[in-house]
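Trainee: Fold the stuff below for me.
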Amino acid sequence: MNETSVSTTAHAIPRLLEGKVAFITGAGRGIGAAAARLFAREGARVMLAARTEAQLKAVTEEVRAAGGTAEYVVCDLADAASVRAAVDRVVEVYGRLDVAFNNGAAMVRPGPVDEVTEEEFDAVYAVNLRGAWLAMSAEVAAIRATAGTGAIVNNSSVGSLRGNPALPSYGAMKRAVNSLTESAAVTYGPEGIRVNAIAPGGTLTDMISAWEAATPGVVDQISAHTPLRRAAAPEEIAESAAWLLSDRASYVTGVILAVDGGLRA
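Mentor: Model (predicted):
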């Protein structure tokens, strides 16, 4: 095969999310920002959502500079009206919603169950569980009313699949997100709406940096117990979300996919 044939074949392969409208929470940094850049490169028109406008604006401009289509909306996952307004904004701007990546989450300081304060527990519940439920509910309604069929991916954690003594409230909320994911997959599958979750292992984000600052050496400890012997880059986690949202995963729903370098093997 000559060089021209190789080039033609490569360009004939459709992009993973070609023609889709994607909504991403927690899109101002880390995995969410990586997802925004990736989804746009893979052909999606993206709507970025997070609490910090400066971060959203920076990522949006980055996506546009690379030739992608992006808008943003400020959204607080702990505020029901804000979540609904953000999803409504997607439809207002793009006319439809096809796929959503519920990535936004709040972190709490590490410590055992009895040292978690009520305020900390309530804060992580409001964002990581209630916020995910609010977003899923609004997204299902928007997909149903516009695209008709679609896909949702929730960002969970490998810490939801086992005991999590260092981050017990975080792990508990993410385990509940897994249950919501599976329930939604069963409920909306007959309509053609797929719902999955990814459960990342140690990933080099601001969240894990804060954990490292509070518990020096924790990243090395996680890496040492990971068969690939390293933490993930945010882009690697975003890749798994993109695939699950794409039509190439058309027969995958109700899955909690560990993306953990083999940590659970």
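
Trainee: quick one: low-confidence ranges for the stretch 101-250 of the chain?
Mentor: Counting by pLDDT under 70, the stretch 101-250 of the chain contains low-confidence ranges at 211.

Trainee: Can you show me the helices along it?
Mentor: Counting by DSSP state H, counting those that start in this stretch, the stretch 101-250 of the chain has these helices, from start to end: 118-124, 131-145, 168-188, 206-214, 218-224, 234-245.

Trainee: Which elements pack onto the longest one?
Mentor: In other words, helix 168-188. Applying 3 or more CB pairs under 8 Å, 6 or more residues apart in numbering; DSSP states H and E, one finds that helix 168-188 makes contact with helix 118-124, helix 131-145, strand 150-155, strand 193-200, strand 256-259. (Each C-beta comes from the backbone N, C-alpha and C, glycine too.)

Trainee: Show residues contacting that helix.
Mentor: Residues from elsewhere that reach helix 168-188 (CB atoms under 8 Å, 6 or more residues apart in numbering): 105, 107-108, 112-113, 116, 120-121, 124-125, 128-129, 132-133, 136, 140, 152, 154, 156-157, 159-161, 163-164, 194-197, 199, 253-256.

Trainee: would a markdown table of the helices and strands packed on helix 168-188 with distance to residue 53 and mean neighbour count be doable?
Mentor: A markdown table is the format used below for the helices and strands packed on helix 168-188 (distance: least, CB to CB, whole Å; neighbours: other CB atoms under 10 Å):
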| stretch | distance to residue 53 | mean neighbour count |
| --- | --- | --- |
| helix 118-124 | 21 | 15 |
| helix 131-145 | 18 | 21 |
| strand 150-155 | 21 | 27 |
| strand 193-200 | 26 | 26 |
| strand 256-259 | 29 | 20 |
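
Trainee: got JSON lines for the ones you listed, with distance to residue 62 too?
Mentor: Compiled in JSON lines, those are given as follows (distance: least, CB to CB, whole Å):
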{"stretch": "helix 118-124", "distance to residue 62": "29"}
{"stretch": "helix 131-145", "distance to residue 62": "23"}
{"stretch": "strand 150-155", "distance to residue 62": "21"}
{"stretch": "strand 193-200", "distance to residue 62": "22"}
{"stretch": "strand 256-259", "distance to residue 62": "23"}
